[in-house]
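Participant: mind looking at a prediction? Sequence and model below.
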Amino acid sequence: ALLVMTRRTTTTMLPTTRSQSRREEPRRQVTGERGRVFAAVILGFCVLSFIDTFHTLEPYSGRRSLLSSAYLATTSTLLPWAHHYLADVSDVPDPDGETALFWHIPKSGGTTAKRLYQCMGKTLAHRVGADPRFGHDQENEIVVFEPHEGKDWKVVNVDTTIKPGILRAKELGLVQSHTTDLIFTMEPAFAGEQLYDEDNKGRFLALFRHPVDRAASMFFYLQKATWEKTYRPEWADMTVMEWANLKNFESDYMVRKLVGKKFGDSVDEMDLIIAKELVRQRFIVGLMDEMVESIRRFNIVLGVDESSDRSQQCMEDFGLIAPEDVTPAISAVGEGSGEESTTHATDKKNSNKHPKFVQGDPEFDAIAARNPLDMVLYSYILQLFEDQKLIIDSYFVEAEDEEDETTIDEVANELALLPPGADVGTSRLPSEIQDNLANVNEPAQDKGSETPFFWHIPKSGGTTLQRMYFCMGFTLANEVGGNSKFDSDRSKIDVISPWSDNPGKV
């Protein structure tokens, strides 16, 4: 069993005279009484919290409750807006009551997703809706219109990809109007905080791509993309190594956007933990390298009827199913993957062939070194993608037999071991910990079964506890026992009493 004592900041009091001490005695008594009352209140809350937790961890009859409690049964570091305004991953989707938002991460499959849902006839919010040539950008209310006659897809008249457009959408009550099937943005934190409220919640989706692949694709794309506002002609003659070593290199893009920090602001491990928690609890995770499965999950959340003729045709056009079949045809499409796409999912303007780097290549290592937090976040997202499958598949299905319940229980336990600060790449405890340390929920055993181990963090109260347990007559293992001035047999474990006036042993 591990015991850890943490230290809180205290205020240093100035010495007092004896007379001052006497005058302060009644106040100290009152303070002591208040302290005891306060402690009792806190203890009461702890007991209630324990009872509530114990209740939520009891066996459930259906998979939904079990998965919800396991997936979210860790300490939360959610930002307030995400906690109050967004639906939990474990909540059953309500397409009519919530408005979905897609975080478009550049060069990660977002354009493919946008065109797919245009094809399916969804009403979208993105930059097209605010284009002045369509004549609705100055309207003082939300307008739904077809930007291209005969195409049979609609947009609303706000540009939710940028902050000014998000503020205009907020002013016009975009989410509250319930006119939009899917909002696209490049500012997830800002959009989440500004557009939604507790009565009009959102559901977040995103396609993620390996940070090195994404950054390299962006570099080669912006060398040539004269049509983009972010076109960078000065990169045209640069090597990847030269670009990766630029002082103003954009680093840790995903973490920065998730916590709402601007380019140039510093990001650290705390931002990473916040970003991981936001993705874990509030994002339906998709992977560009797993496009077929990702779109399947998005369709479930968005309420898309994949069996309809239109959906089938769009899925076929975008290479997500084979013609006259429901078998996936490809695993990823478009967005500068470095390969020619055989589907309509790729726009020649938005796709570009470029070298692909692997770990160990100088280019890969240089880009990865500039994106350390995104690298950790992406590894975490890969695990979430695997773990979310059962959650999403369970939205509208109940467990039918004991074998199914057992599978759910095993996966749910794994999900519960994936807190935002956990080691990435695995949802299981290392075997050394799993096999050799007692679980904090297990009752304490006698000395024949387990030996407590205290981590002495310097200047955090550990010495005080050592002295207290010496005073109580405990036998401790610490630095005293190794002192050569005490006579003992060092060829075996020996218990000695180092002090004649102290009952403690080492």
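Facilitator: Perfect, I can see it now.

Participant: can you point out the buried residues in stretch 212-226?
Facilitator: Neighbour counts over stretch 212-226 (16 or more other C-beta atoms under 10 Å) mark 212-223, 225 as buried. Quick note: C-beta positions are derived from backbone N, CA and C, even for glycine.

Participant: take these and keep only those in helices.
Facilitator: Using DSSP state H, the subset of those located in helices is 212-223.

Participant: so can I have a markdown table of these showing pLDDT and distance to Asp181?
Facilitator: A markdown table is the format used below for those (pLDDT from 0 to 100; distance: C-beta to C-beta, whole Å):
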| residue | pLDDT | distance to Asp181 |
| --- | --- | --- |
| Val212 | 94 | 33 |
| Asp213 | 93 | 29 |
| Arg214 | 92 | 26 |
| Ala215 | 89 | 31 |
| Ala216 | 90 | 33 |
| Ser217 | 89 | 28 |
| Met218 | 85 | 28 |
| Phe219 | 85 | 33 |
| Phe220 | 82 | 33 |
| Tyr221 | 81 | 28 |
| Leu222 | 81 | 30 |
| Gln223 | 80 | 35 |
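
Participant: and the residues you listed, which is closest to Thr161?
Facilitator: Met218 (16.2 Å; C-beta to C-beta).

Participant: how about that closest one, nearest residue that isn't a chain neighbour?
Facilitator: Among residues not flanking Met218 along the chain, Lys107 sits closest, at 5.0 Å (C-beta to C-beta, 6 or more residues apart in numbering).

Participant: now do the strands in the stretch 201-350 of the chain.
Facilitator: In the stretch 201-350 of the chain, the strands defined using DSSP state E, counting those that start in this stretch lie at 202-208, 283-287.

Participant: what would the ones you listed look like in a markdown table with distance to Asp494 and mean pLDDT?
Facilitator: Putting these into a markdown table (distance: least, C-beta to C-beta, whole Å; pLDDT from 0 to 100) gives the following:
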| stretch | distance to Asp494 | mean pLDDT |
| --- | --- | --- |
| strand 202-208 | 57 | 97 |
| strand 283-287 | 56 | 97 |
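
Participant: may I see those strands organised as CSV, with distance to Leu124 and mean neighbour count added?
Facilitator: Output for the strands of the stretch 201-350 of the chain, formatted as CSV (distance: least, C-beta to C-beta, whole Å; neighbours: other C-beta atoms under 10 Å):
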stretch, distance to Leu124, mean neighbour count
strand 202-208, 13, 24
strand 283-287, 17, 24
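
Participant: tabulate these in a markdown table, adding columns for distance to Met375.
Facilitator: Formatted as a markdown table, these follow (distance: least, C-beta to C-beta, whole Å):
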| stretch | distance to Met375 |
| --- | --- |
| strand 202-208 | 12 |
| strand 283-287 | 15 |
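
Participant: among those, which is nearest Tyr378?
Facilitator: Across those, closest to Tyr378 is strand 202-208 (C-beta to C-beta), at 6.4 Å.

Participant: and stretch 283-298, how far apart are its ends?
Facilitator: The distance separating the two terminal residues of stretch 283-298, taken as C-alpha to C-alpha, to the nearest Å, comes to 11 Å.

Participant: hang on, I meant stretch 77-97
Facilitator: Using C-alpha to C-alpha, one end of stretch 77-97 lies 26 Å from the other.

Participant: off-centre distance for it?
Facilitator: 13 Å (C-alpha atoms, centre = their mean, to the nearest Å).
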